[in-house]
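when you get a sec, could you give me coordinates for this:
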Amino acid sequence: YHGSNCDTHCPTSEPNYHVIDNTCYYFETALKTYDDAKQNCNTKFPQGKLSEPKSLSSNKKLHQVALSIKDYRYWWIGITDKRSEGNWVYDSNGASVTFSIPWYSGEPNGGSSENCLQYWSTSKNRIGQLGDIGCSSVAWPSICEQSV
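Numbering: from 1, shown residues only. Next up is the predicted model:
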């Protein structure tokens, strides 16, 4: 159980569900485009969405767990600059990202063609670093969270 009153169930007996910082997450290892990943998150939770890390600490924890589940280099999360180039916001509500984005070396580099963020690199010293990429050009695993 998790949530502010510990009254929300997280099926952690299933291997891709984890509670991190009092939030339930699902680590989807099937490869999907950004929009397909967003839709898929709605099937994992009643009010599911792509993960929206609120701090550097939770950002790193999410990436560490992702890498322990499946050794993929990239993972979709719910941060984009689709609405205004260079203004990175949480996809679910348009609020500005609340921490200084830890960019992977050379990122962001995509301009108006790369509007979605994802975790980059399996290197231990790059845990939690982010890069921008086109939202529909490729399919990657994703991290879902249960909205509360």
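
got the buried residues for stretch 104-111?
Buried residues in stretch 104-111, counted by 16 or more other C-beta atoms under 10 Å: 104, 107-108. Backbone N, C-alpha and C define where each C-beta goes, glycine included.

how far off centre is the longest helix seen in the chain?
Assignment by DSSP state H gives helix 56-69 as the longest helix of the chain. Relative to its chain's centre, helix 56-69 lies at 9 Å (C-alpha atoms, centre = their mean, to the nearest Å).

and residue 125, what pLDDT?
The score at residue 125 is 76. That number is its pLDDT.

what about it, which SS state?
Recorded secondary structure, residue 125: helix (DSSP: H, G, I helix; E, B strand; the rest coil).

distance check, it against residue 68.
According to C-beta to C-beta, to the nearest Å, residue 125 and residue 68 sit 16 Å apart.

looking at these two, which one has more neighbours?
Under the criterion of other C-beta atoms under 10 Å, the comparison of residue 125 against residue 68 puts residue 68 first, with 10 against 6.

separation between that one and residue 37?
As defined by C-beta to C-beta, residue 68 lies at a distance of 20 Å from residue 37.

what number of residues lie near residue 126?
Residues near residue 126, counting by other C-beta under 10 Å, number 16.

got a list of what it touches?
Neighbouring residues of residue 126 by C-beta atoms under 8 Å, 6 or more residues apart in numbering: 104, 120.

so residue 81 touches residue 87, yeah?
Yes - at 5.6 Å, residue 81 and residue 87 qualify as touching, with contact defined as C-beta atoms under 8 Å.

higher neighbour count, the two?
residue 81 (20 against 12).

next secondary structure after the longest strand seen in the chain?
For the chain, the strand that runs over the most residues, judged by DSSP state E, is strand 23-32. Using DSSP states H and E, the next helix or strand after strand 23-32 towards the C-terminus is helix 34-44.
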